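> quick one: sequence and predicted model below, then my questions.
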Amino acid sequence: MLTSNLFTANEAAKLLRVGRRAFDAHVARGDIAYIAVGMGLKRIRKRFDPEDLARFRERQRRVECPSDPSQSKARASASKSEGTDFAAILRERRAEKRATREKAQRA
């Protein structure tokens, strides 16, 4: 494969219409494959194959289900959970401790 068919990181990011930071993050996570070009060991020159970019784009494809307003209202009103009054529980525990202490002092 010739390197003339490969894109630089800037070109690939522009092709995908994402910022360079977002593109670099995808590369670092392994979402986008790259080809190491050259002999450098400290700073690898990365080039990107158009097929890898197309594969990444296809994996990113999402379809959202349209929300049905009638279902969301039913779900919200169907909740039967009860709230817990933590302040009341704390007051009860403190009252019990106070009663235990007073009983111990009398004895």
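Structure received.
> can you tell me the closest non-neighbouring residue to A12?
Spatial nearest neighbour of A12, chain neighbours left out: F48 (4.2 Å); criterion: Cβ to Cβ, 6 or more residues apart in numbering. Bear in mind the C-beta positions are built from the backbone N, C-alpha and C, glycine included.
> am I right that the one you found is in contact with A9?
Yes: using Cβ atoms under 8 Å, F48 is in contact with A9, at 7.0 Å.
> neighbour count winner among these two?
F48 (23 against 17; other Cβ atoms under 10 Å).
> helix, strand, or coil at R47?
Under DSSP: H, G, I helix; E, B strand; the rest coil, R47 falls in the strand class.
> so who does it touch?
Neighbouring residues of R47 by Cβ atoms under 8 Å, 6 or more residues apart in numbering: T3, L6, F7, T8, Y34, I35, V37.
> helix or strand next in line after the lowest-mean-pLDDT helix or strand in the chain, which one?
Taking mean pLDDT, DSSP states H and E as the measure, the helix or strand of the chain with the lowest value is helix 69-77, at a mean of 57. Using DSSP states H and E, the next helix or strand after helix 69-77 towards the C-terminus is helix 86-106.
> which one of the contacts of R47 is nearest K14?
Distance to K14 across the contacts of R47 (Cβ to Cβ) is lowest for F7, with 8.7 Å.
> dihedrals phi and psi, that closest one?
Dihedral angles of F7 (phi, psi; degrees, to the nearest 10) stand at phi -100, psi 150.
> who's in contact with it?
L15, R47, F48, D49, P50, L53.
> partner residues bridging it?
Beta-bridge partners of F7, counted by DSSP bridges, are F48.
> from R98, how far off is it?
74 Å (Cβ to Cβ, to the nearest Å).
> now swap in G83 and tell me
Separation of G83 from R98 (Cβ to Cβ) stands at 26 Å.
> between those two, tell me which one has more neighbours.
The neighbour count for G83 versus R98, taken as other Cβ under 10 Å, is higher for R98 (10 against 5).
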